[in-house]
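Trainee: Coordinates for the following, if possible.
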Amino acid sequence: MTPAAADRVRTFLQNRGKGVGLRLGLKTSGCSGMAYVLEFVDELNEDDEVFEIDGVNIIVDAKSLIYLQGIELDFVKEGLNEGFKFNNPNAKGECGCGESFTV
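Mentor: Numbers count the residues shown, from 1 in each chain. Alright, predicted model coming up:
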């Protein structure tokens, strides 16, 4: 997680007023097969791994962990657009719209 992403997640959690961290996971979706999931976590699941980065807890379930090893989560601003960017060394390709990827 880059410092910009950590700052953004901390701000979201503070504004939300609760939560133990941010879940980074995967779901089956799109034309390439997998899509990223980001969601706030209020309670940990039994199979969750917790990684503390820059004061932010990143929670990853055991099934997603193998596909997310080495990923970098960034927060970028490009013109009027801003959002999280995933730099995943495990991704072999992405769909044209950028919504999903394959490993």
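
Trainee: Ile59 contacts Asp48, doesn't it?
Mentor: Yes - the pair formed by Ile59 and Asp48 meets the contact definition of CB atoms under 8 Å, at 5.0 Å. Using the backbone N, CA and C atoms, a C-beta is placed for each residue, glycine as well.

Trainee: what distance separates the lengthiest helix in the chain from the centre of its chain?
Mentor: Longest among the helix segments of the chain by residue count, using DSSP state H, is helix 3-16. Helix 3-16 has its average C-alpha position 13 Å from the chain's average C-alpha position, going by CA atoms, centre = their mean, to the nearest Å.

Trainee: Name whatever forms a beta bridge with the nearest residue to Ser29 once chain neighbours are set aside.
Mentor: Leaving aside its sequence neighbours, Ser29 sits nearest to Ala35 (CB to CB, 6 or more residues apart in numbering; 3.8 Å). Assessed by DSSP bridges, Ala35 has beta-bridge partners Lys27.

Trainee: quick one, what contacts the residue lying closest to Gln69 once chain neighbours are set aside?
Mentor: The spatially closest residue to Gln69, leaving aside those adjacent along the chain, is Asn90, at 6.6 Å (CB to CB, 6+ apart). Contact partners of Asn90, counting by CB atoms under 8 Å, 6 or more residues apart in numbering, are 67-71, 103.
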